[in-house]
Each structure stands twice: as structure tokens, then as C-alpha cells.
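Novice: Fold the following and give me the result.
(one chain, ligands or ions: 1)
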Amino acid sequence: MKLSGKVALVTGAASGLGLATAKALAEAGARVAGFDRDAERLQQLKSTLGDQALLVSVDVADEQSVATGVARTIDSFGALHVAVNCAGVADAAKTLSKGEPFPLATWNKVIGINLTGTFNVIRFAAQAMAKSVPEGNDGERGVIVNTASGAAWQGQIGQAAYSASKAGVMGLTLPIARDLAPLGIRVVTIAPGLFQTAMVAGMPDNVSQSIIDRMILYPTRMGQPAEFASLVRLIVENSYFNATTISLDAGARMQAR
Ligand SMILES: NC(=O)c1ccc[n+]([C@@H]2O[C@H](COP(=O)([O-])OP(=O)(O)OC[C@H]3O[C@@H](n4cnc5c(N)ncnc54)[C@H](O)[C@@H]3O)[C@@H](O)[C@H]2O)c1
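Specialist: The predicted model follows:
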């Protein structure tokens, strides 16, 4: 699908991978709606994402909030062609720590944002995309890109909730692609390795450096958000990507810690 003149929504657009993606899609000529629950940070991005960008305070885990965000996108731009799910959290805890079980509130938060939130955006985005005019010989109406993680199958100590949420995102990719194929909507998931964003800045330096030194094959550095964004752009522009999860991780093989 050509990006020029299209409408794209990006969640988690106030930071990291979502911010880089929103910028890249805007540079490629799309009109962008940036969703994030961090409304203050989002509004500071007005100049970065261009005057045309619509910036909406949305909590992806909240049904009404997502419905309103998608409706505002359609009101402003008249259609929706691309949806990129980047909103996420990485709260960690051990299954049993100092005799205490993993707090269920943490589990529910991580699953609620990363997995249910992704699905929540997909279903409202698909509803809007189904109304767009089919394009080209393939009759394409839309592209949905999700963000899983290498932790979906290589979770580290403390990542039970995070890994389960990301394995869930991988798992929903094929059945949703099958549901939406008759409408001309593709669904692709990216599984990033370690990327230099606020999420990773929260880790102690020795932990991220140890991942780089011991677990990343080549190049031995963190990924840059722009490298993630360029894959999103490629997925949108190359119509033969569908129903799959693509690793973007410099050959990383995560160990237990
Ligand atoms: N950075 C990495 O190394 C890495 C690796 C693998 C996967 N990921 C995934 O990539 C995605 C983006 O992460 P990032 O590294 O850019 O992190 P980040 O913390 O820089 O950005 C995440 C954004 O999501 C927003 N957000 C959180 N909860 C939200 C909610 N309920 N509703 C709306 N917005 C919400 C935050 O406000 C923030 O702006 C996440 O899904 C993360 O799990 C990141």
C-alpha cells in the first residue's frame, strides 16, 4: 500500500518505537493520528509530527477511549488505512519473590495493555478500515502492524506477564489476518529485540550492557527506533507481507537473565 495521502494511527506515539514510527509514516506522506495515554508528552510532539498530525489522549486498554480515538481520526481525516500498535508496558516480577506470589494487579496491567489493548485497537481499526475504498489490483483496504517481542518465546526471569502478553500478540496475528483477508486488510507483527527507548532506559546500565555483550549476535548494539520504523514502512508498502511475525533483533538469543 502506498503511504502518500493515506491515514495512519500509531499507539504509544509519545515515545520510543511509536514516536519513530509516527514520524516515519508522516515523512512518507501519511496523515498521522498519534495515540498515547501520556497526553502531556504527546502534545509536546506537535512540531515533531507536523501541523497536520492529530494527537489524541487514548488508553488502549479502555474500550471507550479507543472507540473515541478512532472516531476522532475518521472525523479529522475521513478514513483509516494503517494502524500500528506500539503502546506497551514491561512491568516485571518473579512468580514467587521472598515468599510472595506475583502480584495479580501487575499481571492484569501488563496483559490489559499489551494484549487486550492491542486487540482493542485492532477491532476498532478494522471496523474503520473496512469502510475504506479498496486500492489497486489486490483491493487493499488496510494494514495492521503489531509489536510483540523476542520475549514472546525467550522470556527472561521476571517476564512471565510480559512474555505471555507478547506471545498472545503473536498468537492473534494469524487468526485475525484470516478474519480480515476477505476485506483486503493485512496483519503483521514485529518481534523486536533490544531497542534504545525509554522502556530500556529503565533497566540498570549493567543489565542492558550484559544483554548486548552476551546475547546479541551482530551488530552488537541496541536497535534504533528508526530501524523499527523503517520495517513498519516496508511492511505497509510491500503488500506480500501478511499473517506473520518478523523478528528484528540482530540475531539475539535471550538467556534467563
Ligand atoms: N524497547 C525495546 O527494547 C522493546 C523490545 C521488544 C518489544 N518492545 C515493545 O515495543 C513497544 C514500544 O515500546 P518502547 O520501547 O517504545 O517503550 P516506551 O516506553 O518508549 O513507549 C511506550 C509508550 O506506550 C505508551 N503507553 C503505555 N501504556 C499505554 C496505554 N494503556 N495506552 C496508550 N499508551 C500507552 C507510553 O505512554 C509510552 O509513550 C512496546 O509494546 C514494547 O513492549 C520494546
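Novice: Kindly export stretch 71-85 (C-alpha atoms) in PDB.
Specialist: Taking C-alpha atoms only, stretch 71-85 is exported to PDB below (Å, rounded to 0.1, in the frame of the first residue of the first chain):
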ATOM      1  CA  ALA A  71     -13.800   8.200  15.600                       C
ATOM      2  CA  ARG A  72     -11.800  11.400  16.000                       C
ATOM      3  CA  THR A  73      -9.300  10.100  13.400                       C
ATOM      4  CA  ILE A  74     -12.100   9.500  10.900                       C
ATOM      5  CA  ASP A  75     -13.700  12.900  11.700                       C
ATOM      6  CA  SER A  76     -10.400  14.600  11.100                       C
ATOM      7  CA  PHE A  77      -9.000  12.600   8.100                       C
ATOM      8  CA  GLY A  78     -12.100  10.800   6.600                       C
ATOM      9  CA  ALA A  79     -10.700   7.300   6.600                       C
ATOM     10  CA  LEU A  80      -8.200   4.900   8.200                       C
ATOM     11  CA  HIS A  81      -5.700   2.700   6.200                       C
ATOM     12  CA  VAL A  82      -2.900   1.800   8.600                       C
ATOM     13  CA  ALA A  83      -2.900   1.000  12.400                       C
ATOM     14  CA  VAL A  84       0.400   0.400  14.300                       C
ATOM     15  CA  ASN A  85       0.200  -0.900  17.800                       C
END
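Novice: Give me the mean pLDDT for it.
Specialist: Per-residue pLDDT over stretch 71-85 has a mean of 98.
Novice: Residues in contact with stretch 190-201: which ones?
Specialist: Outside stretch 190-201, the residues within contact range by CB atoms under 8 Å, 6 or more residues apart in numbering are 15-17, 88, 90, 145-150, 152, 166, 170, 208, 211-212, 216, 222-225, 227-228, 231-232, 235, 245-250, 252. (C-beta placed from N, C-alpha, C; glycine too.)
Novice: ah, wrong one, I meant stretch 242-257
Specialist: Contact partners of stretch 242-257, identified using CB under 8 Å, 6+ apart, comprise 148, 150-152, 154-157, 170, 173-174, 177-178, 181, 186-194, 211, 214-221, 223, 227-228, 231, 235.
Novice: try stretch 231-238
Specialist: Looking at what lies outside stretch 231-238 - CB under 8 Å, 6+ apart - the contacts are 1-3, 8, 21, 24-25, 28, 82, 84, 143, 145, 188, 190, 241, 246, 248.
Novice: List the residues that contact residue 12.
Specialist: So, once contact is read as CB under 8 Å, 6+ apart, residue 12 ends up touching 18-19, 35-36, 85-88, 147.
Novice: what's the closest of those residues to residue 128?
Specialist: Distance to residue 128 across the contacts of residue 12 (CB to CB) is lowest for residue 35, with 13.2 Å.
Novice: Need the phi and psi values for that closest one.
Specialist: Dihedral pair for residue 35: phi -110, psi 140, per degrees, to the nearest 10.
Novice: Determine the number of other residues adjacent to it.
Specialist: 32 (other CB atoms under 10 Å).
Novice: is it true that it touches residue 58?
Specialist: Yes: using CB atoms under 8 Å, residue 35 is in contact with residue 58, at 3.8 Å.
Novice: can you list residues touching both of these two?
Specialist: Between them, residue 35 and residue 58 share the contacting residues 11, 66, 69, judged by CB under 8 Å, 6+ apart.
Novice: Now, those that are in helices?
Specialist: Taking DSSP state H as the definition of helices, those contribute 66, 69.
Novice: Okay then, goodbye and thanks.
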